[in-house]
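Novice: sequence and predicted structure are below.
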Amino acid sequence: MMMNEQKEEKLKLIKLNLGKELIGFIEDKDVNEIAVNDNQMVSICTFSKGWIDTEKKMEEEKTLSIIRLVADYEGIIVNEIAPTLETTFPDGSRFSASINPVSPPSFNLRKHSILIFSLDDYIKQGNISKEEKEIICESIRNKENILIIGATGSGKTTFANACIAEIEATKERLLIAEDTKEIQCKSQNTLRLLTSPTFPMVKVIEHSLRRTPERLVVGEVRGKEALYLLTGWNSGHGGGVCTIHSHTALKGLRQLEQYILRESLNPQKELIADNINLIIVLEKIGNKRKIVEIKRMKGLDENNNYILDDIKK
């Protein structure tokens, strides 16, 4: 049996062991994450209501069996010496698990988002105005770089996809660098590069610059690759989008500095100010994901502080 066929059979076995109830949650378009907690109770995260306790329970033995099946799918062993597991399935959904001594058998299954929003949809929701949409589109046409900031579950990737839909209209060659396949792009002249245990994001970005990109998109920065992204944008591959975990525009820029300091002796504020042009901050408020800040970078003042103009009032 070929390797791909073997993995497909193992995927079928994993789905079979998940059972009808969990498969039902997977097929429910309102559910974006399933968690089997350390008490073996099942919780789900929905777009409409947030986290919900389902009152359903998965026995510890079955939870452990699923974790071991996923480990076998990846060709690795999970035990007390290596008690955690993280992987991404072909459909883009992410699986994270732990066993003793970290925790009793438990896992999260975060589904790959199938929701597609346009910038016009954000106008209809009252998230942005027509004028704000035009500012974003003009920034894209002018090949400026957009930094999208927000906490986990705030809708960063969904908004990034809406921006990328506008980038597609430029017909320029797009290179997308990601840890997991989340960015949606219909443009034919697009190359997507994924990280691996032996090919981290720094190497992905370095390699991407040899693949003739006109625009460089990075799904998320969470380390020293921030410096390599900014350098790539600064060397003629701008007009891209990137997301970062933080809570405000200023905190996001400071987080970027902290990532850069893992590779550089200084935070490279001038490089940041020159290459981050538009900053958009999203926040999950109750069960809704809101755009709370849109700011334009204007440079640095005499005290080396960022000058940010408010676009969203």
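Specialist: Structure's in. What do you need?
Novice: tell me where the stretch 1-150 of the chain has strands.
Specialist: Under the criterion DSSP state E, counting those that start in this stretch, the stretch 1-150 of the chain contains strands at 31-36, 41-46, 50-57, 84-88, 94-98, 106-110, 146-150.
Novice: ranking these by burial, who's on top?
Specialist: Of the strands of the stretch 1-150 of the chain, the one with the most neighbours on average (mean count of other C-beta atoms under 10 Å) is strand 146-150, at a mean of 26. (Each C-beta comes from the backbone N, C-alpha and C, glycine too.)
Novice: neighbouring contacts of that one?
Specialist: Applying C-beta atoms under 8 Å, 6 or more residues apart in numbering, the set of residues contacting strand 146-150 from outside is 136, 139-140, 156, 159-160, 163, 240-249, 251-253, 256, 276-284, 293.
Novice: would you turn the strands of the stretch 1-150 of the chain into TSV with mean pLDDT?
Specialist: Shown next, in TSV, are the strands of the stretch 1-150 of the chain (pLDDT from 0 to 100):
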stretch	mean pLDDT
strand 31-36	92
strand 41-46	92
strand 50-57	90
strand 84-88	89
strand 94-98	92
strand 106-110	94
strand 146-150	98
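Novice: the closest residue in space to residue 308 that isn't next to it in sequence: neighbouring residues, count only.
Specialist: Nearest non-adjacent residue to residue 308, counting by C-beta to C-beta, 6 or more residues apart in numbering: residue 295, 4.3 Å away. A count of nearby residues for residue 295, using other C-beta atoms under 10 Å, gives 24.
Novice: residue 295: what secondary structure?
Specialist: Judged by DSSP: H, G, I helix; E, B strand; the rest coil, the three-state class of residue 295 is strand.
Novice: who's it bridged to?
Specialist: Assessed by DSSP bridges, residue 295 has beta-bridge partners residue 279, residue 310.
Novice: that one reaches residue 311, doesn't it?
Specialist: Yes. The pair residue 295 / residue 311 is scored as a contact, 6.3 Å apart, by C-beta atoms under 8 Å.
Novice: could you tell me which residues touch both of those two?
Specialist: Counting by C-beta under 8 Å, 6+ apart, the residues touching both residue 295 and residue 311 are residue 278.
Novice: what about the strands in the stretch 151-300 of the chain?
Specialist: Counting by DSSP E, counting those that start in this stretch, the stretch 151-300 of the chain has these strands, from start to end: 174-178, 190-194, 215-218, 241-245, 278-285, 288-300.
Novice: make CSV out of those strands and add mean pLDDT and distance to residue 130.
Specialist: As requested, the strands of the stretch 151-300 of the chain are exported to CSV (pLDDT from 0 to 100; distance: least, C-beta to C-beta, whole Å):
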stretch, mean pLDDT, distance to residue 130
strand 174-178, 95, 26
strand 190-194, 94, 28
strand 215-218, 96, 25
strand 241-245, 97, 21
strand 278-285, 94, 16
strand 288-300, 94, 13
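Novice: any idea of the angle the longest helix belonging to the chain forms with strand 50-57?
Specialist: Counting by DSSP state H, the longest helix found in the chain is helix 3-27. Angle of helix 3-27 versus strand 50-57, following axes from the mean of the first three to the mean of the last three C-alpha atoms, to 10 degrees, is 100 degrees.
Novice: just checking, what packs against helix 3-27?
Specialist: Under the contact definition 3 or more C-beta pairs under 8 Å, 6 or more residues apart in numbering; DSSP states H and E, helix 3-27 sits against strand 31-36, strand 41-46, helix 60-74.
Novice: list the buried residues of it.
Specialist: Residues of helix 3-27 classed as buried by neighbour count (16 or more other C-beta atoms under 10 Å): 7, 10, 11, 14, 18, 22, 25, 26.
Novice: and the furthest pair within the residues you listed?
Specialist: In the buried residues of helix 3-27, the most distant members under the criterion C-beta to C-beta are 7 and 25, with 23.1 Å between them.
Novice: list the contacts of the residue nearest to residue 21 when sequence neighbours are not counted.
Specialist: Leaving aside its chain neighbours, residue 21 sits nearest to residue 56 (5.9 Å; criterion: C-beta to C-beta, 6+ apart). The contact partners of residue 56, by C-beta under 8 Å, 6+ apart, come to 21, 41, 42.
Novice: one more time with 10 Å
Specialist: If you count contacts by C-beta atoms under 10 Å, 6 or more residues apart in numbering, residue 56 has them with 19, 21, 22, 25, 36, 40, 41, 42, 43, 44.
Novice: cool, and residue 232?
Specialist: Counting by C-beta under 10 Å, 6+ apart, residue 232 touches 175, 177, 205-206, 208-209, 213, 216, 218, 225, 238, 240, 275.
Novice: the same query, at a cut-off of 8 Å, please.
Specialist: Going by C-beta under 8 Å, 6+ apart, residue 232 touches 205, 208, 209, 216.
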